[in-house]
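> Fold the following.
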Amino acid sequence: MVNITIDKEKHDVEAGITVMQACEHVGIEIPRFCYHERLSIAGNCRMCLVDIERSPKPVASCAMPVAEGMVINTNTPDVHKMRKGVMEFLLINHPLDCPICDQGGECDLQDQAMGFGWDRSRYHENKRAVKDKDFGPLIKTTMTRCIHCTRCVRFATEIAGVPELGATGRGENTEIGTYIEKAISSELSGNMIDLCPVGALTNAPYAFHARSWELKKTESIDVMDALGSNIRVDARGPEVMRILPRLNDEVNEEWISDKTRFACDGLRRQRLDRPYVRKNGKLKEASWDSAFTTIAHFAQELKGDQIGAIAGDLADCESMTALKDLMTAMGTNNIDCRQDGAKLDSGIRASYLFNSTTPGIDRASAMLLIGANTRFDVPVLNARIRKRWTRGSCEIGYIGQQADLTYPVTHLGDGPAALKTLLNGRGPFAKVMRTAERPMIIIGSDAITRPDGAAVLALARQVAVKYEVVTSDWNGFNVLQRAASRVGGLDLGFVPGRGGLDVAGILSGAVDGSIKMVYLLGADEVDTTKFGNAFIIYQGHHGDAGAQRADVILPGAAYTEKNATYVNIDGRVQLTRLAVYPPGDAREDWTIIRALSEFTKHTLPYDNLRQLRARMVQLNSNFLNVDQAVPALWQDFGTEGHIKDTPFESKINNYYMTDPISRASETMAHCTEVFLRGEDRKTPANG
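Numbering: from 1, shown residues only. Here you go, the predicted structure:
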């Protein structure tokens, strides 16, 4: 600890922190523009100047470490004069366009000008004008407002790993840009909008649509990938206007992916807002009673083993619980939440969790990625891996098709042969894993959705055992899920029971006629051409692939329209909150299944959300631990067998369209055009 004096009061603070951090620690606000706690220190703006005794000139508090006996003044007339002078300089060229600026109402420059600046300017010369830059379809630029804090430059280089932004020119001619005009090819680029302290970078799809004070703000959870990023949903009336990140160091820190942020316009397009029943080959609008009666009438003629149910990637735990209970009551064990065919064992929790947890990445001393293109599977988690790499002493090995993950990796091979080589202790990376204090293995979804996925999983476990990846105080074996519903579905046991069929079995049964009815709970990623003549019930919120094949459509609620439970890759139980109501006649998903159960004469024993969540706890006690990642018991898993030496291939051909919401989004369609089909654009999906 270090003894210092701040504004005539003595304090003990931690050695090594900066003067700004020390002042914040004791409750004194220091204005700043360029400083951000997750970025390197730049010292550009000079707004954080303070007076330190025996210093010949003002000191930038963001860059000065504390020292024993330091005497700091933050509230003297000289300090006030410094801040007013800096603010006056910053505003020399700033345009007077606050009334039309989307940053209005949540602008650091506005707030600090009011709190620390003057009420007049002594400069009357013409203001500088700067040409706007093309940063792509997601970020709207008004570069005349830029104050050269370089937060965006540092974020692109340090966090996103795409060093495409920089400053050109000197003095008054300095401009921030991409050197060669191009869209920013990062899946995290939208975070620059949050970082920008002025209105130079704003949300392009949201531009001129609403003001911050008009919006109802709801804290919720993202479901665009399996990380479960903490978000804030801003809505006006029945419409979600924008998605912003919430701070949670245990999950997403303060970043979200571009798909999370910008795909929200898909929530109001191609929506299912009323039930439909297929008559004479065409879907016709119907009442709820008519839809339920049609299903019940068809189901009563069937035996239990002629019915199957598949849960999709966005399904919540409440609806999967209700559907599982309904299917059990109807006498079928043909249920599955693994619509991609992942060979995961729901009975062994350690076999499908990210056991290290997301914060555990910061502690890893070596990493092995197996068939995991983390940049597109879970971009925010990939940024955390990059952060660990930037701190040094962590070599990363990669098995899979070569890709730009935004950090250097040692490419060990394309397929399982490289994993076998590692198991045999050969190759230079074997020594890295052997000598690492806390080695980590991350196996991606694509490696375990193959026909030999169970054998690949067993092989990865053997490698983990050989290199002591799991010890008494460290579990470095991680499965990187892609679907938001996957861990929750496995925790609930939404998998085939004794004698039951998985997704592949249900599809085969539909082809040969042994499966006559299939219930799709938001399942759109299955091959709908294989349903044959089966009777298809689709429950979901968008008219996607499943709805087009359905015989009965039951309109459900999207994740922003219900109070629901999801479990992220760490096994952390998290809750979404209702921000807007579902459109038209759409209803929360579990209530639809509960109502249907009455028509099928298998009434489910819960009438409200509290009772349903009590049922979830009966199925798995981990649902009691909201916002906690409970460690899983390490056991044997996987099935040893023959492994084909075919390369691990990523199934994500288009990061921007991977689910019904993003496929309905105009913004994501625009991103697809720019990044994947643009002739002179860099294609992110190819690294």
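> so where does Val465 fall, helix or strand?
Using DSSP states H and E, Val465 falls within helix 453-466.
> again, but for Arg278
Assigned by DSSP H and E, Arg278 falls in strand 276-279.
> Give me the residues contacting the helix or strand following that strand.
Once the chain leaves strand 276-279, the next helix or strand it forms, by DSSP H and E, is strand 282-285. The contact list for strand 282-285 (Cβ atoms under 8 Å, 6 or more residues apart in numbering) reads Arg274, Pro275, Tyr276, Val277, Arg278, Ala550, Ile553. All C-beta atoms are positioned from the backbone trio N, CA, C, and that covers glycine.
> got a list of what the fourth one touches?
Just to be clear, that refers to Val277. Leu283, Lys284, Ala286, Ser290, Ala291, Thr294, Asp551, Val552, Ile553.
> re earlier: tell me the helix or strand right after the helix holding Val465.
From helix 453-466, the next helix or strand downstream (DSSP H and E) is strand 470-471.
> which other residues reach the helix or strand that that next one is followed by?
Using DSSP H and E, the next helix or strand after strand 470-471 towards the C-terminus is strand 474-475. The contact list for strand 474-475 (Cβ under 8 Å, 6+ apart) reads Ala350, Asn355, Ser356, Arg363, Arg438, Val469, Pro631, Ala632, Trp634.
> Strand partners (parallel or antiparallel) of strand 474-475?
Counting by DSSP bridges, the strands paired with strand 474-475 are strand 470-471 (antiparallel).
> Off-centre distance for the strand it pairs with?
Here strand 470-471 is found 28 Å from its chain centre; the criterion is Cα atoms, centre = their mean, to the nearest Å.
> picking that back up, the strand holding Arg278 - what's its average pLDDT?
Averaged across strand 276-279, pLDDT comes to 96.
> What strands line up against that strand, and which way round?
Strand 276-279 has these strand partners (DSSP bridges): strand 282-285 (antiparallel), strand 552-555 (antiparallel).
> what lines up beside the next helix or strand after the last one in the sheet?
Toward the C-terminus, strand 552-555 is succeeded by strand 564-567 as the next helix or strand (DSSP H and E). As defined by DSSP bridges, the strand partners of strand 564-567 come to strand 573-576 (antiparallel).
> isn't there a strand covering Ala383?
No: under the criterion used here (DSSP: H, G, I helix; E, B strand; the rest coil), Ala383 is helix, not part of a strand.
> I figured it was touching Trp255, is that so?
Yes: using Cβ atoms under 8 Å, Ala383 is in contact with Trp255, at 6.1 Å.
> related to what we said a few turns ago, winner for burial among the strands paired with strand 276-279?
strand 552-555 (a mean of 26; mean count of other Cβ atoms under 10 Å).
> any idea of the mean pLDDT in that one?
Here the average pLDDT along strand 552-555 is 97.
> now stretch 562-574
97.
> From the opening residue of that stretch to its closing one, how far?
From its first residue to its last, stretch 562-574 covers 13 Å (Cα to Cα, to the nearest Å).
> circling back to that earlier point, using CSV, write out every CA atom in the helix holding Val465.
The C-alpha coordinates for helix 453-466 follow below in CSV (Å, rounded to 0.1, in the frame of the first residue of the first chain):
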residue,chain,number,x,y,z
GLY,A,453,-18.1,-37.0,-32.8
ALA,A,454,-18.4,-39.3,-29.7
ALA,A,455,-15.1,-40.9,-30.5
VAL,A,456,-13.5,-37.4,-31.1
LEU,A,457,-14.8,-36.3,-27.7
ALA,A,458,-13.3,-39.4,-26.1
LEU,A,459,-10.0,-38.7,-27.8
ALA,A,460,-10.0,-35.1,-26.6
ARG,A,461,-10.7,-36.4,-23.0
GLN,A,462,-7.7,-38.8,-23.3
VAL,A,463,-5.5,-35.9,-24.3
ALA,A,464,-6.8,-33.9,-21.3
VAL,A,465,-6.0,-36.8,-19.0
LYS,A,466,-2.5,-37.2,-20.5
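> roughly how far out does it sit from the chain middle?
Worked out by Cα atoms, centre = their mean, helix 453-466 lies 27 Å from the chain centre.
> So which bits of it are buried?
Neighbour-count burial for helix 453-466, with 16 or more other Cβ atoms under 10 Å as criterion, is recorded at Gly453, Ala454, Ala455, Val456, Leu457, Ala458, Leu459, Ala460, Arg461, Gln462, Val463, Ala464.
> same for it, what does it pack against?
Contacts defined by 3 or more Cβ pairs under 8 Å, 6 or more residues apart in numbering; DSSP states H and E place helix 453-466 against strand 366-370, helix 416-423, strand 439-444, helix 445-448, strand 477-480.
> CSV for the ones you listed, including mean neighbour count?
CSV is the format used below for those (neighbours: other Cβ atoms under 10 Å):
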stretch, mean neighbour count
strand 366-370, 28
helix 416-423, 20
strand 439-444, 27
helix 445-448, 27
strand 477-480, 28
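> Could you save the ones you listed as TSV and add columns showing mean pLDDT and distance to Thr576?
Formatted as TSV, those follow (pLDDT from 0 to 100; distance: least, Cβ to Cβ, whole Å):
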stretch	mean pLDDT	distance to Thr576
strand 366-370	97	30
helix 416-423	94	37
strand 439-444	96	25
helix 445-448	93	22
strand 477-480	97	22
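> Distance to Glu666 for the ones you listed - can I get that in TSV?
TSV is the format used below for the helices and strands packed on helix 453-466 (distance: least, Cβ to Cβ, whole Å):
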stretch	distance to Glu666
strand 366-370	34
helix 416-423	41
strand 439-444	30
helix 445-448	28
strand 477-480	29
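> ok, back up a step: in a markdown table, list the buried residues of helix 453-466 along with distance to Gly489 and pLDDT.
Below are the buried residues of helix 453-466 laid out as a markdown table (distance: Cβ to Cβ, whole Å; pLDDT from 0 to 100):
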| residue | distance to Gly489 | pLDDT |
| --- | --- | --- |
| Gly453 | 17 | 94 |
| Ala454 | 18 | 95 |
| Ala455 | 23 | 96 |
| Val456 | 21 | 96 |
| Leu457 | 17 | 96 |
| Ala458 | 22 | 96 |
| Leu459 | 25 | 96 |
| Ala460 | 22 | 96 |
| Arg461 | 22 | 96 |
| Gln462 | 27 | 96 |
| Val463 | 27 | 96 |
| Ala464 | 24 | 96 |
